[in-house]
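Participant: My questions are about this predicted structure, shown below with the sequence.
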Amino acid sequence: MGVFRNDLHWLGEVFRRCINHCLSNQHFYTEVEKNEPKFNHRELAAFSFPASLTFPQIVEETYEQLVQKYQWQTYAPEKMVFLLSVVPYALPSFLTEIAESNELIFQLGLKKGKASSYLPTGTTALQVLTKSFICSLPEVYKLFHDDHPLIKDELVILEKMPEEEPFLNGTLTLSREYLHLLNTGERYRPALNKEFPAERLTTEQSWDDYILPTKTWVKVEELLDWVSYYAQLRSTKGFTTGAKGYKCLLTGPSGTGKTMLGRLLAQKTERQVWRLDISRLVSKFVGETTKNIRKVFDIAQHYDYILFCDEGEGLFSNRTRDAGTAQDTYVNQEVGYLLQSIEEYPGIILVATNNISNMDNAFMRRFNTRITFEYPDEQCLIQLWEKAFAPFQLDTDVDVRYIAQEHHRHQVTGAKIALVKDLLGIRALKRDDWRVSREELEFALKQKQVRVPDFEAYLKRKAESQALFGEE
């Protein structure tokens, strides 16, 4: 019998004894030694998990890992609470059968779900744990404290109750993350939705594809060092400051590699990188923006995500100095709350902007590092075009160095080059011909509104130079 199955059967036994206590109003245990309940052999109520109940191997393996991670002993109350939250998924009929007795519904604090099934509450855990002498009343309260691993790590969720009601009356549920973990063996990752307005940044490209000017590369390497060693630095004697997290500002024109840095960063760390959807964060309803920000940072902190704020000036813009209207006041409050959230976030945050002049001054002071992305220099453009042309057969009159010289003067970006490459690829597939002539390249450049070099004049000058000096 697997550990998970065995522990659920143990939970069933404890439940049966608790039910007997509720129905007979007496305890079964005369003593408690080493925190291990001593059960008697009186006739028990007929509530149990079927002996034939089995679970997939992945469930058993994942549960065993949890038991080892949190060092749950045989009669650990934390394990009891976790198993109690699993019951509605493992055997929904178990609590429903118990609920056939109105007296038990009341004494065990069961709640009717939206379907016909019943759900456990904090009161259910309280009754089962105390009536079986697994732990005392004060110890039960500690299990649901915000600092306890059950709550802090969100293994279980205790429904929030109004202040006038006992907090243990809330429904006790298995968190979505650990439900997913038990069933798949993999951590749950939230998708882009109103609860978490962000999307995961990934890429099939590698760091070898990331071409930057040397000056920018030096700052990027500083960022990578911070990502790798920040936690170790703050735990080193003499560096344990009150600073939280690491903040990096990325500035520069569109298409120069800011977002690509976020996509590639995940390859250098075990953390995932998520880009915030600023448009979903901002709400026209008063107070909703603050709630949205809180949701994002709570989830990101729980998973230790790296947050990437693209086009940050949209939300991190200058606050209205003279708040003449109520709307101005609320905008200032929301920006202030965002600044506070960023300052207190213990993880890594990247903020990208194309217009640094619109950034809030107070916000600017919170960054550990600032990286300025400039337009590619001539050497970068040569590398970018060589990589772009790699899948094609270039005609001899297409000179990559000349193209790079011209595009350096007209501030062509790597993003624009990628658009040209994709169009050339589409047209090559259509023709079933991967040769690229000068005319084909000129067409693609015009279509993507990229500067078209004067190849005729260049080739003429080149021919005259060769004739005069015999140069190739």
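Facilitator: Alright, I've got the coordinates. No experiment lies behind these values; they were computed from the predicted model shown.
Participant: Report the secondary structure state of residue 172.
Facilitator: Look at residue 172: counting by DSSP: H, G, I helix; E, B strand; the rest coil, its state is strand.
Participant: Same check on residue 366?
Facilitator: Classification of residue 366 using three-state DSSP returns coil.
Participant: Tell me the predicted confidence for it.
Facilitator: Note for residue 366: predicted pLDDT of 78.
Participant: With residue 18 instead?
Facilitator: Residue 18 is assigned a pLDDT of 79 by the prediction.
Participant: quick one: which helix or strand includes it?
Facilitator: If you go by DSSP states H and E, residue 18 is part of helix 3-24.
Participant: Send me that helix as PDB with only the CA atoms.
Facilitator: Extracted C-alpha coordinates of helix 3-24, given in PDB (Å, rounded to 0.1, in the frame of the first residue of the first chain):
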ATOM      1  CA  VAL A   3       2.100   6.100   1.600                       C
ATOM      2  CA  PHE A   4      -0.700   8.400   0.200                       C
ATOM      3  CA  ARG A   5      -3.300   5.600   0.200                       C
ATOM      4  CA  ASN A   6      -2.100   4.400   3.600                       C
ATOM      5  CA  ASP A   7      -2.300   7.900   5.200                       C
ATOM      6  CA  LEU A   8      -5.800   8.500   3.700                       C
ATOM      7  CA  HIS A   9      -6.900   5.200   5.400                       C
ATOM      8  CA  TRP A  10      -5.400   6.500   8.600                       C
ATOM      9  CA  LEU A  11      -7.400   9.700   8.200                       C
ATOM     10  CA  GLY A  12     -10.500   7.600   7.800                       C
ATOM     11  CA  GLU A  13      -9.800   5.800  11.000                       C
ATOM     12  CA  VAL A  14      -9.300   9.000  12.900                       C
ATOM     13  CA  PHE A  15     -12.600  10.400  11.400                       C
ATOM     14  CA  ARG A  16     -14.500   7.300  12.500                       C
ATOM     15  CA  ARG A  17     -13.300   7.700  16.000                       C
ATOM     16  CA  CYS A  18     -14.000  11.400  16.000                       C
ATOM     17  CA  ILE A  19     -17.500  10.600  14.800                       C
ATOM     18  CA  ASN A  20     -18.000   8.100  17.600                       C
ATOM     19  CA  HIS A  21     -16.900  10.800  20.000                       C
ATOM     20  CA  CYS A  22     -19.400  13.300  18.500                       C
ATOM     21  CA  LEU A  23     -22.200  10.800  18.700                       C
ATOM     22  CA  SER A  24     -21.400   9.400  22.200                       C
END
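Participant: buried ones in whichever helix or strand residue 468 is part of?
Facilitator: Taking DSSP H and E as the criterion, residue 468 maps to helix 455-469. Across helix 455-469, burial judged by 16 or more other CB atoms under 10 Å covers 455, 458, 462. Just so you know, the C-beta spots here come from the backbone N, C-alpha and C atoms, and that holds for glycine as well.
Participant: do stretch 138-146 as well
Facilitator: 140, 143-144.
Participant: Which members of those residues are positioned in helices?
Facilitator: Using DSSP state H, the members of those that fall in helices are 140, 143.
Participant: And the buried residues of stretch 138-146, which is closest to residue 435?
Facilitator: Closest approach to residue 435 among these (CB to CB): residue 144, at 69.9 Å.
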